[in-house]
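1. attaching a predicted model along with its sequence, questions to come.
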Amino acid sequence: MERIYPIEKTRNIGIIAHIDAGKTTTTERVLYYTGVSYKIGEVHEGTTVTDWMPQERERGITITSAATTCFWSPSYIKTVATREERQQGEYKINIIDTPGHVDFTAEVERSLRVLDGAVVVFDGVQGVEAQSETVWHQADKYNVPRICFINKLDRMGASFEDSLKSIQEKLTPNAVAITRPIGLEENFKAIIDLIRMKAVYFDGNLGETIRLEEIPDDFKAEAEKEHRRLLEKIAETDEEFLEKHLSGQDPNPSEIRQALRRATLNYDLVPVYAGSSLQNKGVQLVLDGVIDYLPSPADLPPIKGFDPKTMVEIERRQVDEEPFAGLIFKIMVDPFIGSLSYLRVYSGVLRRGDSVLDVNTNKTVRAGRIVRMHANHREEVEEFFAGDIGAIIGLKEVQTGETLADAQKPIILEKIEFKEPVIWQRIEPKTKSDQEKMGLGLKSLMDEDPSFRIRVDQETGDTLIGGMGELHLEIKVDILKRSFKIEANVGKPQVAYREAITKVVDEAEGKYIRQSGGRGQYGHVVMKLEPLERDAGFEFVNAIKGGVIPESYIPAVEKGVREAMDKGVLAGYPIRDIKVTLRDGSYHEVDSSEMAFKIAGSIGFQEGVKMAKPVLLEPIMQIEVNVPAEFIGDVTGDLASRRARIEEVSDRSNLKVIKAKVPLAEVFGYVTVLRSLTQGRGYATMEFSVYQEVPQNLTQLIINNKQLTQGGKIK
């Protein structure tokens, strides 16, 4: 079967923003105006399409990214009679609605990894907020072109000018207005299209009918000024457009859009739209912007990867004619049909029933059923083409970040990196029947969400669950209860401390010698330990020369070191940010073995760490607190008592905004305290920032507390 929509008419976009900026409300309007939904769902009513989980509908927040597909013909193209003619101007848009809460930032990360463009939504009252900056920098990391939508301009205190200025000052000076509001707050009536120089009204009960009028006289002068500014900004990025501009020729709207598209794809400009999703104003123009300015897969360079045999870099053009290659970016476990593996197809075609190679495990898997997703609903299809996003049902062993490819022309695509947990909790089943099911339930949750981890405390035998914050773990326990019917008790949240070294140790020796009749055990290593920068992880270097240790034993030494890293010498916390160089050693022709060298590596590493002045590290959170001015003193005083380092106090609308860095250990339950301090009017967001050394006076307290709590059960 041939593809209905050419790759040039395909868009893969994400909707990203700070929590409560209006992402899901915007997505609901997109689905309605494109004909996917017959009615508009509302977040406050719990009736939205993409927030389908019970936990999402109860809390009014997005927890998991939801994928859906819709079709749109730009609103400025005249509607034609037949379906065939209409399809000539119609585009397919694959949309992923992402969470805004920082605890679920991994969902944004893996979505942006496979998307080609993004719509960044901003609150028209608040402008750029803490998580706005986080998602923006995530989009920068993957070079994702984007457009901005300043939403909620009908709200009290809304300001398009201030919001646009905050984008230009905090995120990019290249942001340029494409539309502007006519009126604000309760007087917000319509939108000025600065390209067509028309006033756009949204009639009908749900704003579905677009009406163009002349710009009202009160707004005409300002609109003409902004129109000239837009043309100048485009001319700065495009020589062809500059020549026309300087010659005095007035470009038509089509020429403006073409030049602006080139600038957007090159990250030279970021178009900014105005509107209010809740009031059904401006969303269709944002949809036009998705078509006009965000890339199709054909606009992107070939995808890069590695040959799994030679590890030489290779490329694949994002076209149907190339061998098949796709990336699994998300796993979901459905209680009725099993595993759903979300896939972005980068090249080639995947047909139902095809057998392909899981390149990371070198195992052949069969795509028995493939489906296009509409949030939690599935539509079975026969094939996926290059640029498509969909899911495969029933792949049991495939993990997030793995590459599926043509077995004859394999390629490994870059994996998705996820941050380690910053918080842990003990968890235990309430009954014996729950105990039998809990292992499977926790494994399913970990398969779905790689930022959620499970480990067993070696001293106590307790099961620990780890995540990015208190809400993250609370949601996981709730899913265990509702979806897997498992009742569990959980302990108090615990900080995920780490250990690190601060001094270079040139010679750390590890010897393991055992003789008990017959063949003995002999392993001897000498290694150098060096501290690395924070979050650099672990590096192992083999510097053995002259065969003093046989090559076959080197991996065993590294394995011993890695196992020893999981239990530090101060308080048993994992050791990170360290470089180990294996420099010397010796072996015995008869008694040496992999096991002996593994143990020797572990002994040498532990001895070296003791000599390298180990320190305890704690996770530091970036916190943003929004409070009325009259409470600023109480709130800053409370933050100071929590070892916070206040970086900035600024104004946003009628609030004071405090930005600070504060240890995670000091902010458990902070939201409740903040409400008490501000009579319920303050709110805060926080996200992990960096690991920093624990002050010396607190280190011993933490070590003593760890020793006291080992063996303790959940009360």
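-> Received, thanks.
2. going by C-alpha atoms from here, please, whenever you check contacts or count neighbours.
-> Fine.
3. point to the residue nearest the middle of this protein.
-> In the chain, the C-alpha nearest the mean C-alpha coordinate belongs to Glu109, at 2.0 Å (C-alpha atoms, centre = their mean).
4. so who does the residue nearest to Gly127 when sequence neighbours are not counted touch?
-> Distances taken as C-alpha to C-alpha, 6 or more residues apart in numbering put Ser163 closest to Gly127, at 4.2 Å, once the chain neighbours are dropped. Residues counted as contacts of Ser163 (C-alpha atoms under 8 Å, 6 or more residues apart in numbering) are Phe122, Asp123, Gly124, Val125, Gln126, Gly127, Val128, Ile150.
5. in strands only, show me these.
-> Phe122, Asp123, Ile150 (DSSP state E).
6. out of these, flag the one nearest to Arg262.
-> Ile150 (22.3 Å; C-alpha to C-alpha).
7. for that closest one, list each beta-bridge partner.
-> Phe122, Ala274 (DSSP bridges).
8. right, and it touches Val121 too?
-> Yes. If you go by C-alpha atoms under 8 Å, Ile150 and Val121 touch, sitting 6.0 Å apart.
9. if you count what's nearby, which of the two comes out ahead?
-> Ile150 (31 against 27; other C-alpha atoms under 10 Å).
10. roughly how far does the more buried one sit from Ile658?
-> Distance of Ile150 to Ile658, computed by C-alpha to C-alpha, to the nearest Å: 23 Å.
11. if you count neighbours, what's buried in the helix or strand hosting Leu164?
-> Counting by DSSP states H and E, the element that carries Leu164 is helix 160-170. By neighbour count with 16 or more other C-alpha atoms under 10 Å, helix 160-170 contains the buried residues Phe160, Asp162, Ser163, Leu164, Lys165, Ser166, Ile167, Gln168.
12. now, which of those residues sits nearest Tyr512?
-> Looking across these and measuring by C-alpha to C-alpha, the closest to Tyr512 is Ile167, at 60.2 Å.
13. excluding chain neighbours, what is closest to that closest one?
-> Closest to Ile167 by C-alpha to C-alpha, 6+ apart is Val128, at 6.1 Å.
14. so where's the stretch 51-200 of the chain uncertain?
-> Low-confidence segments of the stretch 51-200 of the chain (pLDDT under 70): 51-65, 77-88, 99-105.
15. listing request: residues of the chain with sub-threshold pLDDT.
-> 1-2, 37-65, 77-88, 99-105, 334-336, 375-376, 459, 516-518, 707-715.
16. partner strands of the longest strand anywhere in it and their direction?
-> Looking across the chain with DSSP E, the single longest strand is strand 614-627. The strands beside strand 614-627 in its sheet (DSSP bridges) come out as strand 498-501 (antiparallel), strand 655-663 (antiparallel), strand 683-693 (antiparallel).
17. SS state for Pro308?
-> Here Pro308 is recorded as coil under DSSP: H, G, I helix; E, B strand; the rest coil.
18. does it touch Pro410 like I think?
-> Yes. Using C-alpha under 8 Å, Pro308 is in contact with Pro410, at 6.9 Å.
19. okay, those two: which has more neighbours?
-> Looking at Pro308 and Pro410 with other C-alpha under 10 Å, you find the greater number of neighbours at Pro410, namely 23 against 16.
20. list the contacts of the more buried one.
-> Asp307, Pro308, Ala325, Leu357, Val359.
21. the stretch 201-350 of the chain: helices as residue ranges?
-> With DSSP state H, counting those that start in this stretch as the criterion, the stretch 201-350 of the chain has helices at 217-235, 239-246, 253-265, 283-293.
22. and if you look at the stretch 401-550 of the chain?
-> Taking DSSP H, counting those that start in this stretch as the criterion, the stretch 401-550 of the chain carries its helices at 432-448, 470-483.
23. packing partners for the longest one?
-> Of the remaining helices and strands, those touching helix 432-448 by 3 or more C-alpha pairs under 8 Å, 6 or more residues apart in numbering; DSSP states H and E are strand 325-334, strand 423-429, strand 453-456, helix 470-483.
24. residues in contact with the second one?
-> This points to strand 423-429. 435, 438, 462-470, 486-496, 714.
25. show the buried residues in the residues you listed.
-> 438, 462-470, 486-488, 490, 493-496.
26. so what's the closest residue in space to Val627 that isn't next to it in sequence up against?
-> Distances taken as C-alpha to C-alpha, 6+ apart place Gly682 nearest to Val627, at 4.5 Å, with adjacent residues excluded. With contact taken as C-alpha under 8 Å, 6+ apart, Gly682 is in contact with Val625, Asn626, Val627, Pro628, Leu674, Arg675.
27. any idea how far Val671 is from the fourth one?
-> When you say that, I think you mean Pro628. 15 Å.
28. just the terminal-to-terminal distance for stretch 345-365.
-> OK, stretch 345-365 end separation, C-alpha to C-alpha: 16 Å.
29. how far off centre is that stretch?
-> Put simply, stretch 345-365 sits 25 Å off its chain's centre (C-alpha atoms, centre = their mean, to the nearest Å).
30. okay, buried residues for it please.
-> Those would be 345-352, 355-360, 365, for stretch 345-365 by 16+ other C-alpha under 10 Å.
31. any chance of the buried residues of helix 160-170 in a markdown table, plus distance to Phe385?
-> Shown next, in a markdown table, are the buried residues of helix 160-170 (distance: C-alpha to C-alpha, whole Å):
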| residue | distance to Phe385 |
| --- | --- |
| Phe160 | 40 |
| Asp162 | 43 |
| Ser163 | 39 |
| Leu164 | 38 |
| Lys165 | 41 |
| Ser166 | 40 |
| Ile167 | 36 |
| Gln168 | 38 |
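32. now name the helix or strand holding the residue nearest to the centre of the chain.
-> helix 105-114.
33. that helix - contacts with which helices or strands?
-> strand 10-17, helix 130-141, strand 325-334.
34. which outside residues touch the shortest one?
-> The set of residues that contact strand 10-17 without belonging to it, under C-alpha under 8 Å, 6+ apart, is 23, 27, 91-100, 108, 111-112, 115-122, 131-132, 135, 290-291, 294-297, 387-389.
35. please apply the same query to the longest one.
-> For helix 130-141, the external contacting residues (C-alpha under 8 Å, 6+ apart) are 16-19, 100-102, 108-109, 112, 118, 120, 122, 145, 170-171, 624, 685-686.
36. may I have it as PDB, with CA atoms only?
-> Coordinates of each C-alpha in helix 130-141 appear next as PDB, following Å, rounded to 0.1, in the frame of the first residue of the first chain:
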ATOM      1  CA  ALA A 130      10.800  27.300  36.000                       C
ATOM      2  CA  GLN A 131       9.800  24.300  34.000                       C
ATOM      3  CA  SER A 132       9.500  26.400  30.900                       C
ATOM      4  CA  GLU A 133      13.200  26.900  31.000                       C
ATOM      5  CA  THR A 134      13.800  23.100  31.600                       C
ATOM      6  CA  VAL A 135      11.800  22.000  28.600                       C
ATOM      7  CA  TRP A 136      13.300  24.700  26.400                       C
ATOM      8  CA  HIS A 137      16.800  23.500  27.200                       C
ATOM      9  CA  GLN A 138      15.700  19.900  26.600                       C
ATOM     10  CA  ALA A 139      14.500  21.000  23.100                       C
ATOM     11  CA  ASP A 140      17.900  22.700  22.600                       C
ATOM     12  CA  LYS A 141      19.700  19.500  23.500                       C
END
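37. report the angle between that helix and strand 614-627.
-> Per axes from the mean of the first three to the mean of the last three C-alpha atoms, to 10 degrees, the angle that helix 130-141 makes with strand 614-627 is 120 degrees.
38. what residues of helix 130-141 count as buried?
-> Ala130, Gln131, Ser132, Glu133, Thr134, Val135, Trp136, Gln138, Ala139.
39. so how far is Leu171 from the first one?
-> The one in question is Ala130. Distance from Ala130 to Leu171, by C-alpha to C-alpha: 11 Å.
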